[in-house]
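Peer 1: have a look at this prediction, sequence included:
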Amino acid sequence: MSPAQASGRRILLGVSGGIAAYKAAALASALVQRGDTVDVVMTDDAQRFVGPLTFSALTRRPVLTSLWDAPESIPHIALVREADVFVVAPATANVIAKIALGIADDLLTNAALAARIPLVVAPAMNSAMYEHPATSANLERLRAAGAIVVEPGIGFLAEREQGIGRLADQDDIVAAIDAALGRRDGLRGARVLVTAGPTREPIDPVRFLSNASTGTMGIEVAREALARGAQVDLVLGPTHVPAPFGARVHRVTTADEMRAATMAVAAGADITIAAAAVADWRPALVHAQKVKKSDGDASLALERTRDILAELGARKNGTFLVGFAAETERVEEYAREKLRAKQLDAIAVNDVSRDDAGFGTGENDLTVLWGETQRSPLGRASKRELARRLWDALLAIRAARAVPEP
């Protein structure tokens, strides 16, 4: 990210003493790379896992570890007055307890007590400690005070055990930071509905019809909407890609399930973005048992699924409705036909016949079409970056439509 693109946000990152402290270095690096200024405060125990030099090299900022670092500036007061958000990651059970109870016996907890800025807490600890009633009560106290708690994940822990307590994924922590900051306010207060991912249409208990969509593009669109202040409902088909922190997720499998979940929340949406790759066809007969292999050819009768996007277009009632088109030929021609037929306000189209963009790749190449002839190429980029460009384009289109003609 160039200096011109820098967010200008200042983030105070508190690192406490757990094995996940090494992941905080990656978090600091990611924040710096997107243009944030990051100041790091470390507890004594954190320094047993990662040295301050690592963070100072990544942030190009001095790392503070004691109340007596630059005492003339009163560091715990200066840091929180200059910062826009205070993030504690990883947050140990001990540090969570001290912040919740107002105990201030080192630089990090003094800063937390003095802070009048949003607080994001990402716990990381052994399952037994995380599930202890005292930790639960302390986290609830922090939530009641307005903190955003990024729930830990389930997986392999330092104690060679499986369980809850792993530091949340970096993307979830960043999303929580953005939610706390209201980093861009273009969607503040708006209700956004996003559909994402494929559907699976069963043939029998072990076989199904589907497509190559992973849902990544729609998930990034939802993540960016959250960062801009929206309330987001995400109707998500089967995928291994994690949903963004802060979205209200409705998990579905079949096209019928996606339609039901979508229609249940569509009426309250200000903006709907239908990025899901919904099956157009499904088996006419679903076998109750696995179909056994036999000699000779077999045929599969298909029937149409209901057209969710057309139904949304027919009843949008003021909702700004955006579709996606994944095409392999005559890309913009077919996309414009879909734009008109489904009564969309805009459509994002990409050529999925390419090997370097589209389904199952890290990048995409989108063009937004609207009106009779208008088009806005977003270029080729990561799906996360394209989500930012897409929202910029859509909000500009929506704003222009809201201006009455002279």
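Peer 2: Received the coordinates, thanks.
Peer 1: so what's the closest residue to Arg251 other than its chain neighbours up against?
Peer 2: Nearest residue to Arg251 in three dimensions, chain neighbours excluded: Leu236, at 5.5 Å (Cβ to Cβ, 6 or more residues apart in numbering). Every C-beta, even on glycine, is put in place using the N, C-alpha and C of the backbone. When contacts are counted by Cβ atoms under 8 Å, 6 or more residues apart in numbering, Leu236 touches 195-197, 215, 218-219, 243, 249-252.
Peer 1: rerun that using 7 Å as the cut-off
Peer 2: By Cβ atoms under 7 Å, 6 or more residues apart in numbering, Leu236 lies in contact with 196-197, 215, 243, 249-251.
Peer 1: give me phi/psi at it?
Peer 2: phi -120, psi 120 (degrees, to the nearest 10).
Peer 1: ok, it to Gln170 distance?
Peer 2: 20 Å (Cβ to Cβ, to the nearest Å).
Peer 1: burial of Gln343, as a residue count?
Peer 2: The tally of other residues near Gln343 (other Cβ atoms under 10 Å) stands at 15.
Peer 1: just the pLDDT for it.
Peer 2: According to the prediction, Gln343 has pLDDT 96.
Peer 1: which among the contacts of Leu236 gets closest to Glu372?
Peer 2: Nearest to Glu372, judged by Cβ to Cβ, of those is Ala196 at 28.6 Å.
Peer 1: which strands or helices does whatever helix or strand Leu53 lives in pack on?
Peer 2: Element membership of Leu53 [criterion: DSSP states H and E] is helix 52-59. The elements that helix 52-59 packs onto, with contact taken as 3 or more Cβ pairs under 7 Å, 6 or more residues apart in numbering; DSSP states H and E, are helix 21-33, strand 37-42.
Peer 1: C-terminal to it, what's the next element?
Peer 2: helix 75-82.
Peer 1: pLDDT score for the residue nearest to Arg251?
Peer 2: On the pLDDT scale, Leu236 is placed at 98.
Peer 1: and for the closest residue to Gln343 other than its chain neighbours, the neighbour number?
Peer 2: Take Gln343 and drop its neighbours on the chain: the residue closest to it by Cβ to Cβ, 6+ apart is Gly313, 3.4 Å away. Counted by other Cβ under 10 Å, the residues lying close to Gly313 total 21.
Peer 1: need the pLDDT of Gly313.
Peer 2: pLDDT at Gly313 comes out at 96.
Peer 1: next one: it from Glu372, what distance?
Peer 2: 17 Å.
Peer 1: now, of the helices and strands packed on helix 52-59, which is deepest in the fold?
Peer 2: Neighbour counts averaged per stretch over these are highest for strand 37-42, at a mean of 25; criterion: mean count of other Cβ atoms under 10 Å.
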